[in-house]
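Asks: Okay, structure incoming, though there's no sequence with it:
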Ligand SMILES: CCC[C@@H]1OCC(CO)=C1C(=O)O
């Protein structure tokens, strides 16, 4: 249905626990993830500038030294969280693809799953806030949005080839519009409701947008 490139559209995280690695490595990976989640909670609540490594250490009940062992700077925590957040989407693409929908419905389902992740997943919430705060973060963060544009452009190109798109709809332009729309919808929800209504808001906008491009 879809070629390999989509799954590589996003930065790959370096914190996944590889199966079968030795117990010491697994324990270290679990600790790294625990630190990431603590940092993500604080970055989401207070932002990058007003969070210190000490705050993260206190939140996860570890010493500052133990946190520094895994993440030598606050910036390295931010980079790891943003990468971990982008690493979510290829996994969701795998699951959604297995459900066997056509490419246009796969795109719609992917974005709905993203909305659910923005509602429930503190790593995703922190990734979004850190990307907004890029100018304050002296580190190489992945370029935002482009992974989703690439993924959606691939899916919409497949949809066009399968006759699922309205004539005249250009996959690249439609992909860029979907990404802007999703970003705005989740941002409005975050500001007005702390994302309590992010899935409902996205479902309303998604209905409007996919109705306008479906063949
Ligand atoms: C799917 C829309 C794009 C997505 O929404 C918030 C955000 C954070 O920067 C995104 C990204 O960088 O891909």
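Replies: Noted; the coordinates are in hand. Treat the numbers as computed from the prediction; the structure is a model and nothing was measured.
Asks: what ranges do the helices span in this structure?
Replies: For the chain, the helices identified by DSSP state H occupy 23-46, 53-59, 64-70, 74-98, 103-120, 122-132, 146-161, 171-193, 198-213, in order along the chain.
Asks: Distance to residue 12, mean pLDDT and mean neighbour count added to those, as CSV?
Replies: To be clear about C-beta, it is placed using only N, CA and C from the backbone, and glycine gets the same treatment. Written out in CSV, the entries for these read as follows (distance: least, Cβ to Cβ, whole Å; pLDDT from 0 to 100; neighbours: other Cβ atoms under 10 Å):
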stretch, distance to residue 12, mean pLDDT, mean neighbour count
helix 23-46, 15, 96, 18
helix 53-59, 23, 98, 18
helix 64-70, 18, 97, 15
helix 74-98, 6, 97, 19
helix 103-120, 17, 98, 20
helix 122-132, 14, 98, 23
helix 146-161, 11, 98, 20
helix 171-193, 20, 98, 17
helix 198-213, 25, 98, 17
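Asks: got these as JSON lines, with distance to the ligand columns?
Replies: Formatted as JSON lines, the entries for those read as follows, by distance: least, Cβ to the nearest ligand atom, whole Å:
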{"stretch": "helix 23-46", "distance to the ligand": "13"}
{"stretch": "helix 53-59", "distance to the ligand": "21"}
{"stretch": "helix 64-70", "distance to the ligand": "24"}
{"stretch": "helix 74-98", "distance to the ligand": "7"}
{"stretch": "helix 103-120", "distance to the ligand": "6"}
{"stretch": "helix 122-132", "distance to the ligand": "3"}
{"stretch": "helix 146-161", "distance to the ligand": "4"}
{"stretch": "helix 171-193", "distance to the ligand": "4"}
{"stretch": "helix 198-213", "distance to the ligand": "10"}
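Asks: doesn't residue 211 make contact with residue 166?
Replies: No: in this structure residue 166 lies outside contact range of residue 211 using Cβ atoms under 8 Å: 9.7 Å.
Asks: isn't residue 97 right next to residue 107, touching?
Replies: No: contact between residue 97 and residue 107 fails when scored by Cβ under 8 Å: they sit 11.0 Å apart.
Asks: List the residues that contact residue 114.
Replies: For residue 114, the set of contacting residues under the criterion of Cβ atoms under 8 Å, 6 or more residues apart in numbering consists of 89, 92, 124, 148, 182.
Asks: The same query, at a cut-off of 7 Å, please.
Replies: Residue 114 sits next to residue 182 when contact means Cβ atoms under 7 Å, 6 or more residues apart in numbering.
Asks: Output the helices of the chain as CSV; include the columns distance to residue 140.
Replies: Output for these, formatted as CSV (distance: least, Cβ to Cβ, whole Å):
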stretch, distance to residue 140
helix 23-46, 17
helix 53-59, 19
helix 64-70, 19
helix 74-98, 7
helix 103-120, 24
helix 122-132, 13
helix 146-161, 14
helix 171-193, 21
helix 198-213, 28
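Asks: Which among those helices is found nearest to residue 11?
Replies: For those, the distance to residue 11 is smallest for helix 74-98, at 4.6 Å, taking Cβ to Cβ.
Asks: helices and strands around the closest one, which ones?
Replies: Counting by 3 or more Cβ pairs under 7 Å, 6 or more residues apart in numbering; DSSP states H and E, the packing neighbours recorded for helix 74-98 are helix 23-46, helix 103-120, helix 122-132, helix 146-161.
Asks: Show me how far that helix is from its chain's centre.
Replies: Between the centre of helix 74-98 and the centre of its chain there are 5 Å (Cα atoms, centre = their mean, to the nearest Å).
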